[in-house]
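[1] Kindly return the folded structure for what I paste below:
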Amino acid sequence: MASGVLSLFREHDRLSSFKSLKDSSRNEVDNRYSVSIPKALYPVVADDVQRALTNIIDLASPGDYTSLTDTLIDLLGILKETFSDQAWREAVLPAARSHAVAGLMHECPFTRHSFSRPRGYPGDAGLIDFVYRHPAARPAQEAATEAGRTVMAFTVDVAACEAVRHRRSVLAAKIDEAAARREMPAILSVASGHLREAELSIALKGGRVGRLLAVDQDGESLAAVDGYRDSVSHAIETRQATVRQILTDRTDLGRFDLVYAAGLYDYLDARVAARLTRVLFDHLQVGGRLLIPNFLWGVREEAYMEVFMDWYLLYRTPQEIERFTQEIDPASIRTTRYTEDAAGTIGYLEIERI
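    Sure, this is the predicted structure:
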């Protein structure tokens, strides 16, 4: 969990010795003040970063990296906040990745899985299973070092991961709500991953869903979903398709009473997100609903995720999320509702077709 304001002050103090920040000026970009550093000084930035990491690495106790991880998350966050985006990408991030602390963090199976991208892309369903603390991730956890497990215990307990676990419950509740609104509803999950929300849905288990189509680009994810046909519901179907194929209407998915895309929009630029929203809205039955979650700005672990997990999300403001509807004819929308989880970590846009 967050170590508090005192910890953040301490991390700011660690930057007081940075030679690269002496006599530096701050520029305002996108309402954020960051230090302008000439590229010629990037080697000095890298030396500063490595020295700061060396100064905290002794927080690693044998078999327990909890204190190190907590401090590291705050330090990286301050560095990302302080330096310009270019200096972050070209100087700070490479320096942190090449430091010995990276090896300690990669003893964590959650962090290492993300960085190694075993399925070739970030944020795969296997990674989300770590966040869910799902039994499928247990073998990798048990194979990790004792210290690596302490990193994972910390990182999967942060607010962002708690928000993802809550999102799973929200999706299951929306499936049940659809079954309460419509008899034997048709439901579409886009970029379904392992469809773990199916395990939590009372309506699915109770045989009150007519069809749940899980669409994903990853055949390995869909193979896991196929297993739910016997254990959860015979109403579950799978279809392998990419976002591009959905956008070009080459999938013939059908019409649905509920459509949702759990974590997909966190990776889509604004133009593609708006276009996909229109296409998915067109797949709704009369009175159908489209649910779109997206991470909001302010995730404390953002810098750690980028450095040691190679995991980048597109964070948005509530206004940016609401603009997903901009390509939909307003006359076809009955209601638009925006909500957030209690911590303000993920925003949810729900659009109902008239």
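[2] mind listing the strands for the stretch 201-350 of the chain?
    Secondary structure of the stretch 201-350 of the chain (DSSP state E, counting those that start in this stretch): strands located at 211-216, 236-240, 256-260, 284-295, 333-340, 346-353.
[3] how about these in a markdown table, adding distance to Ala274 and mean pLDDT?
    Every C-beta, even on glycine, is put in place using the N, C-alpha and C of the backbone. What follows is the strands of the stretch 201-350 of the chain, written out as a markdown table (distance: least, C-beta to C-beta, whole Å; pLDDT from 0 to 100):
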| stretch | distance to Ala274 | mean pLDDT |
| --- | --- | --- |
| strand 211-216 | 19 | 98 |
| strand 236-240 | 23 | 98 |
| strand 256-260 | 16 | 98 |
| strand 284-295 | 11 | 98 |
| strand 333-340 | 14 | 98 |
| strand 346-353 | 12 | 98 |
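[4] Same list (these) but as JSON lines, adding distance to Phe110 and mean neighbour count.
    Below are the strands of the stretch 201-350 of the chain laid out as JSON lines (distance: least, C-beta to C-beta, whole Å; neighbours: other C-beta atoms under 10 Å):
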{"stretch": "strand 211-216", "distance to Phe110": "21", "mean neighbour count": "23"}
{"stretch": "strand 236-240", "distance to Phe110": "26", "mean neighbour count": "18"}
{"stretch": "strand 256-260", "distance to Phe110": "25", "mean neighbour count": "25"}
{"stretch": "strand 284-295", "distance to Phe110": "17", "mean neighbour count": "21"}
{"stretch": "strand 333-340", "distance to Phe110": "25", "mean neighbour count": "13"}
{"stretch": "strand 346-353", "distance to Phe110": "19", "mean neighbour count": "20"}
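[5] Which one of the ones you listed lies nearest to Leu247?
    Nearest to Leu247, of all the strands of the stretch 201-350 of the chain, is strand 211-216, at 12.5 Å by C-beta to C-beta.
[6] thinking again about what came up before, so can I have CSV of the strands of the stretch 201-350 of the chain showing distance to Ile175?
    Listed next are those as CSV, based on distance: least, C-beta to C-beta, whole Å:
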stretch, distance to Ile175
strand 211-216, 7
strand 236-240, 11
strand 256-260, 7
strand 284-295, 10
strand 333-340, 17
strand 346-353, 14
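[7] List the residues that contact Glu162.
    By C-beta atoms under 8 Å, 6 or more residues apart in numbering, the contact set of Glu162 is 343, 345.
[8] closest to Pro43 out of the strands of the stretch 201-350 of the chain?
    Proximity to Pro43, assessed across these by C-beta to C-beta, is greatest for strand 284-295 (33.4 Å).
[9] Counting by contacts, list what that closest one packs against.
    Here strand 284-295 touches helix 159-181, strand 256-260, helix 270-282, strand 346-353, going by 3 or more C-beta pairs under 8 Å, 6 or more residues apart in numbering; DSSP states H and E.
[10] relative orientation of that strand and strand 333-340 in degrees?
    Per axes from the mean of the first three to the mean of the last three C-alpha atoms, to 10 degrees, the angle that strand 284-295 makes with strand 333-340 is 20 degrees.
[11] How about Leu93: what's its closest non-neighbour residue?
    Excluding the flanking residues, the one nearest Leu93 by C-beta to C-beta, 6 or more residues apart in numbering is Val307, at 5.5 Å.
[12] which ones are touching that neighbour?
    Residues near Val307 by C-beta under 8 Å, 6+ apart: 76, 93, 96-97, 102.
[13] ok, back up a step: do you know which of the helices and strands packed on strand 284-295 lies nearest Asp230?
    helix 159-181 (18.4 Å).
[14] if we can go back for a sec, how about the strands of the stretch 201-350 of the chain, which one is nearest Arg133?
    Taking these one by one with C-beta to C-beta, strand 346-353 is closest: 18.0 Å.
[15] Tell me what angle the closest one forms with helix 270-282.
    Using the same axes, to 10 degrees: strand 346-353 against helix 270-282 is 40 degrees.
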